[in-house]
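**Q** this one's structure only:
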Ligand SMILES: [Zn+2]
C-alpha cells in the first residue's frame, strides 16, 4: 500500500518541486531575510511580497515528537502504527519548524534537542517527501 502523496498549492508547490529533486527549500523574504514555513503570501515581519524559495541545510533539532498508536485516518497510516511524528526546528532560524515523521526511529531513540538531518522518501514519480533522522546515524543513501 502506497503512502498518500502530499497535496500542494501555489504557495507550497516550490517546496514539493525542490523535494522531488532531493533538496530542502524554504520560502524566504528577500527584504528582511526571514524564512517562512509554511509559505506565506507576504512577509508577516516586514509586509514585503518579495519572497522566494531558498535551499537550507536540512539540519535541525527535534523540537517535539509523539508516537501515533491510534486514530490514523487513512489505511496507509493505520498500518504504519505505531509511528513517530513531530517537528524539527531548522538551524537557519529560531522557531522555523518543519512538521515531519521520523520513520527510521523508535520512540525511545528520540530526544528533544537531538540533532537531525533531512533525507528524502520517494512516494512515486510525482512526489517525494522530506523526512528526518538522527544525525548520529551513518549517512546512507536516500531510501
Ligand atoms: Zn520580510
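**A** Sure thing, it's come through. Quick caveat, the model's predicted, so the values are computed rather than measured. Numbering: from 1, shown residues only.

**Q** ok, and what's touching the helix or strand bottoming out on mean pLDDT in the chain?
**A** Within the chain, confidence by mean pLDDT, DSSP states H and E is lowest for helix 75-80 among all helices and strands, at a mean of 90. Residues lying outside helix 75-80 but in contact with it, judged by CB atoms under 8 Å, 6 or more residues apart in numbering, are 1-4, 68, 72, 83. C-betas here are computed from N, CA, C, even on glycine.

**Q** Tell me which two in the residues you listed are the farthest apart.
**A** In these, the most distant members under the criterion CB to CB are 2 and 68, with 18.6 Å between them.

**Q** Compare these two (neighbour count), which wins?
**A** Under the neighbour definition other CB atoms under 10 Å, residue 2 and residue 68 were set side by side, and residue 68 has more, 15 against 8.

**Q** Let me know the distance separating the more buried one from residue 103.
**A** Spatial separation of residue 68 from residue 103 under the definition CB to CB, to the nearest Å is 12 Å.

**Q** got it, and residue 132?
**A** Counting by CB to CB, the gap from residue 132 to residue 103 is 9 Å.
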